[in-house]
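[1] how would this look folded up:
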Amino acid sequence: MAPLSIAKLCRAVPALLLVACAGTAPRAPAPPPALDWAHADLPAAWPSLEWFKAFGSPELDTLMTAALADNLDLEAAAERVVQADARARQAHAAILPSVDLAANANSFAGHSPAGTLHETDWSAGLSASYEVDFWGKNRAKARSASYLSTAARADRETVRLTTQAGVANTYFEVVTLRERLATAHANVEAAQKLLEVVQARYRAGYATPVDVANQAAAVATLRAGIPDLEQSESKALAALAVLLGRPPEHFDVAAQTLGGLSEPSVAPGLPAELLRRRPDVAQAEANLSAAHADLRAAQAAFLPSLTLTATAGVQNPAVNAAVNTLSGVGPAVTLGAALAQAIFDGGKLRAQRDEARGRELELLASYRASILDALVDVENSLSAIARLDAARADQQAAVAQSERAYEGARERYQHGYGDFLSVLEAQRTLYSARDQFAQYRLARLQAVVALCKALGGGWEVTQPDARVARQPPPSSAP
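    Sure thing, here's the model as predicted:
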């Protein structure tokens with residue numbers, strides 16, 4: 001079923017038809033291998049635009065709102081949309097006639113033995129020019145600009161989704177580092193207490209100097225790991241501040257633990273629907289469509305261009321021609337037409353067409369790659385979540401059993417029934433199990449974030465740009 005789904009999904013069919021009109025026929029995107037999740041009988045649970053709220057963290061919701069308002073990358077992407085819209089308006093303006101208001105005056109004066117003469121010629125009126133778009137060159141350029149405007153909007157949505165995922169991942173990383181720091185401090189405290197017990201047993205003659213040295217080294221080793229965790233926390237906080245568009249000085253978050261967080265319940269549907277929810281795929285498709293239009297314009301440039309001009313107004317003299325001049329103020333009308341055809345340009349037009357064709361094929365490859373990237377992202381995210389789910393029970397059991405082993409070894413040693421090496425080994429195992437479990441929970445949350453991002457984060461193509469949607473595919477041109 002997967003190849004059929006991809007065939008439906010690949011909204012590249014119109015694009016590939018346009019490529020055919022350019023005289024080339026690149027291969028259609030090859031369908032990916034069968035995907036485990038690409039079955040119609042599996043229920044789909046697409047993320048919503050506010051997927052992050054499903055984690056149940058009011059602080060994370062506040063950070064997301066701040067990031068969407070102040071993130072500098074998102075602000076830059078929004079300004080790129082403004083620029084693309086302005087370029088689209090410029091390109092569409094070339095389809096319409098241009099009308100200008102013009103006024104000028106020239107004063108002539110001269111003196112000779114025949115006498116003195118002074119004359120003032122002036123004119124005022126409207127002038128219009130229009131390039132008759134027989135071959136669709138200007139319309140193709142307008143379509144290209146509209147597609148690029150659509151691509152800029154999709155790029156903005158990609159930046160938004162990337163920013164949201166970055167905020168969630170970095171926030172979880174900060175809180176996880178705080179949990180690991182708390183675990184490290186608790187382990188240092190426990191190790192210090194055990195050191196006091198070892199020292200007391202040494203003074204009573206029940207422990208050796210080696211036991212004291214080993215436990216003192218264990219305390220020092222645990223303490224030595226704390227500064228690295230603190231530095232990692234500071235760096236993560238600074239990265240989170242940058243995502244929010246704020247300076248890192250005095251920036252902080254309140255959460256100290258990941259306890260109480262829930263996870264969004266999301267699952268992919270058919271690949272065809274997935275690709276309609278990926279802004280990066282929509283951007284690649286719009287760029288490809290723009291390249292088709294650019295190639296059409298480059299082909300039309302080989303054909304003659306016809307420009308009509310007209311001027312109407314009042315002037316003095318009413319007609320100022322080389323043969324007859326009609327003196328006095330009066331209405332005047334000027335009409336003109338110009339036909340231009342390139343005869344020899346040193347291969348410039350041909351090179352421009354070849355460049356446009358190469359650009360088109362490049363973007364076709366990029367579009368195919370974006371499709372595969374989307375499918376791979378979902379596959380990797382689902383695989384990571386499945387493996388983490390399988391390891392959940394083992395991770396929890398490792399922590400629980402390590403705590404029991406450490407408490408038992410410590411109690412036996414404190415009462416003189418066990419050896420010190422058993423306590424030391426149990427202590428190291430417990431510290432490692434707690435630290436690994438904190439990292440496991442971070443990996444689990446980040447895997448869910450990655451899946452939400454891979455599924456498009458709730459974005460979906462709704463209504464295409466009307467200027468683009470109603471444009472028919474360009475016909476073949478030489």
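[2] surely residue 124 is within a strand?
    Yes. Assigned with DSSP: H, G, I helix; E, B strand; the rest coil, residue 124 falls within a strand.
[3] quick one, strands of the stretch 251-400 of the chain?
    Per DSSP state E, counting those that start in this stretch, the stretch 251-400 of the chain carries strands over the ranges 305-316, 319-320, 325-326, 330-340.
[4] between these, which gets nearest to residue 456?
    Nearest to residue 456 among the strands of the stretch 251-400 of the chain is strand 305-316; the distance by CB to CB comes to 43.5 Å. Heads up, the C-betas are built off the backbone N, CA and C, glycines and all.
[5] that closest one pairs with which strands, parallel or anti?
    Strand 305-316 pairs in its sheet with strand 115-132 (antiparallel), strand 330-340 (antiparallel), by DSSP bridges.
[6] buried sites along the shortest one?
    Burial within strand 330-340, assessed by neighbour count using 16 or more other CB atoms under 10 Å, is assigned to residue 332.
[7] low pLDDT regions in the stretch 1-150 of the chain?
    For the stretch 1-150 of the chain, residues meeting the criterion pLDDT under 70 lie at 1-42.
[8] for residue 233, which non-adjacent residue is closest in space?
    residue 177 (4.2 Å; CB to CB, 6 or more residues apart in numbering).
[9] can you give me the helices in the stretch 251-400 of the chain?
    Secondary structure of the stretch 251-400 of the chain (DSSP state H, counting those that start in this stretch): helices located at 271-276, 279-300, 348-414.
[10] what's the longest one packed up against?
    With contacts defined as 3 or more CB pairs under 8 Å, 6 or more residues apart in numbering; DSSP states H and E, helix 348-414 has these neighbours: helix 13-21, helix 137-203, helix 271-276, helix 279-300, helix 420-454.
[11] what's the angle from it to helix 137-203?
    20 degrees (axes from the mean of the first three to the mean of the last three CA atoms, to 10 degrees).
[12] tally of neighbours for the nearest residue to residue 137 once chain neighbours are set aside?
    Nearest residue to residue 137, sequence neighbours excluded (CB to CB, 6+ apart): residue 300, at 3.7 Å. With neighbours defined by other CB atoms under 10 Å, the count for residue 300 comes to 22.
[13] I'd say residue 300 and residue 135 touch.
    Yes. With contact defined as CB atoms under 8 Å, residue 300 counts as touching residue 135 (3.9 Å).
[14] mind checking what secondary structure residue 48 has?
    coil.
[15] out of the strands paired with strand 305-316, which is closest to residue 313?
    strand 115-132 (1.6 Å).
[16] and that closest one, C-alpha only, in CSV?
    C-alpha atoms of strand 115-132 as CSV (Å, rounded to 0.1, in the frame of the first residue of the first chain):
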residue,chain,number,x,y,z
GLY,A,115,16.4,90.0,-35.4
THR,A,116,15.6,88.4,-32.1
LEU,A,117,13.3,85.5,-31.5
HIS,A,118,12.0,83.8,-28.3
GLU,A,119,9.8,80.7,-28.2
THR,A,120,8.6,78.5,-25.4
ASP,A,121,7.5,74.9,-26.2
TRP,A,122,5.7,72.9,-23.5
SER,A,123,3.5,69.8,-23.1
ALA,A,124,1.5,68.1,-20.4
GLY,A,125,-0.2,64.7,-20.6
LEU,A,126,-0.5,61.1,-19.7
SER,A,127,1.7,58.4,-21.3
ALA,A,128,1.0,54.7,-21.3
SER,A,129,3.0,51.7,-22.3
TYR,A,130,2.1,48.0,-22.4
GLU,A,131,4.1,44.9,-23.4
VAL,A,132,1.8,42.5,-25.1
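[17] okay, buried residues for that strand please.
    Applying 16+ other CB under 10 Å to strand 115-132 flags 123, 125, 131 as buried.
[18] chain center to that strand, what's the gap?
    For strand 115-132, the gap between its own C-alpha mean and the chain's C-alpha mean amounts to 54 Å (CA atoms, centre = their mean, to the nearest Å).
[19] how about residues contacting that strand?
    94, 96-111, 138, 305-317, 320, 332 (CB atoms under 8 Å, 6 or more residues apart in numbering).
[20] buried members of these into ChimeraX, please.
    Filtering these down to the buried ones (16+ other CB under 10 Å) takes a single ChimeraX command:
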select :138,305,310,311,313,315,316,317,332
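[21] possible to save the helices of the stretch 251-400 of the chain as a markdown table with distance to residue 216 and mean pLDDT?
    Below are these laid out as a markdown table (distance: least, CB to CB, whole Å; pLDDT from 0 to 100):
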| stretch | distance to residue 216 | mean pLDDT |
| --- | --- | --- |
| helix 271-276 | 57 | 86 |
| helix 279-300 | 55 | 95 |
| helix 348-414 | 16 | 92 |
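[22] quick one: residue 434 from residue 382, how far?
    Per CB to CB, to the nearest Å, residue 434 is found 28 Å from residue 382.
[23] so how far is residue 119 from the most far-flung residue of the chain relative to its centre?
    Distance to the chain centre peaks in the chain at residue 113, reaching 80.3 Å (criterion: CA atoms, centre = their mean). Distance, residue 113 to residue 119, by CB to CB: 19 Å.
[24] ditto for residue 221
    Applying CB to CB, the value for residue 221 to residue 119 is 103 Å.
[25] residues of stretch 185-201 that come out buried?
    Buried residues in stretch 185-201 (16+ other CB under 10 Å): 187, 188, 190, 191, 194, 195, 197, 198, 201.
[26] which residues are in contact with that stretch?
    207, 211-212, 215-216, 218-219, 222-223, 226, 410, 413-414, 416, 420, 423, 427, 430-431, 434.
[27] may I see the PyMOL selection of the buried members of these?
    The PyMOL command for the buried members of the contacts of stretch 185-201 (criterion: 16+ other CB under 10 Å) is given here:
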select buried, resi 207+211+212+215+218+219+222+410+413+414+420+423+427+430+431+434
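[28] would you confirm that residue 209 contacts residue 202?
    Yes. If you go by CB under 8 Å, residue 209 and residue 202 touch, sitting 6.9 Å apart.
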